[in-house]
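Quick one: sequence plus predicted model below, questions after.
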Amino acid sequence: GLEQGALVAAGYSDGYVRLFRARKNRGLAASMLGHKGAVQCLASSRSGMALVSGGADTDLVIWDVVAERGVMRLRGHRD
């Protein structure tokens with residue numbers, strides 16, 4: 001099962017990555033804008049401390065989940 005405090009990430013067409021609490025309260029935990037177009041894919045580190053989002057804008061953003069901010073942007077990714 002999911003650990004207490006676990007988060008679930010979702011990418012949106014407005015360029016936001018939103019983190020939701022998977023257990024207690026089950027509400028929005030964070031909303032982070034990182035893309036100029038739709039978020040098309042997400043990947044999480046094994047520890048859950050980092051997240052990578054890929055967008056229609058061809059950028060990859062590496063997120064610090066604890067700080068709720070992007071720490072690196074890689075431009076021009078391809079399929």
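Happy to help now that I have it.

dump the residue contacts of the spatially most central residue of the chain.
When the chain is reduced to its mean C-alpha position, the closest residue under Cα atoms, centre = their mean turns out to be Val17, at 4.5 Å. Taking Cβ atoms under 8 Å, 6 or more residues apart in numbering as the contact definition, Val17 lies against Ala9, Ala10, Gly11, Ser31, Met32, Gly34, Val39, Leu42, Leu51, Ser53, Val61, Trp63. C-beta here means a position set from N, CA and C on the backbone, and glycine is covered the same way.

please redo it, this time with the cut-off set to 7 Å
With Cβ atoms under 7 Å, 6 or more residues apart in numbering as the criterion, the residues that contact Val17 are Ala9, Gly11, Met32, Gly34, Val39, Leu42, Leu51, Ser53, Trp63.

Let me know the closest of these to Arg73.
Of all those, the one sitting nearest Arg73 is Gly34; the distance, using Cβ to Cβ, is 7.8 Å.

give me phi/psi at the residue nearest to the closest one when sequence neighbours are not counted?
Residue nearest to Gly34 in three dimensions, not counting chain neighbours: Val61, with 4.1 Å by Cβ to Cβ, 6 or more residues apart in numbering. With angles defined as degrees, to the nearest 10, Val61 sits at phi -120, psi 130.
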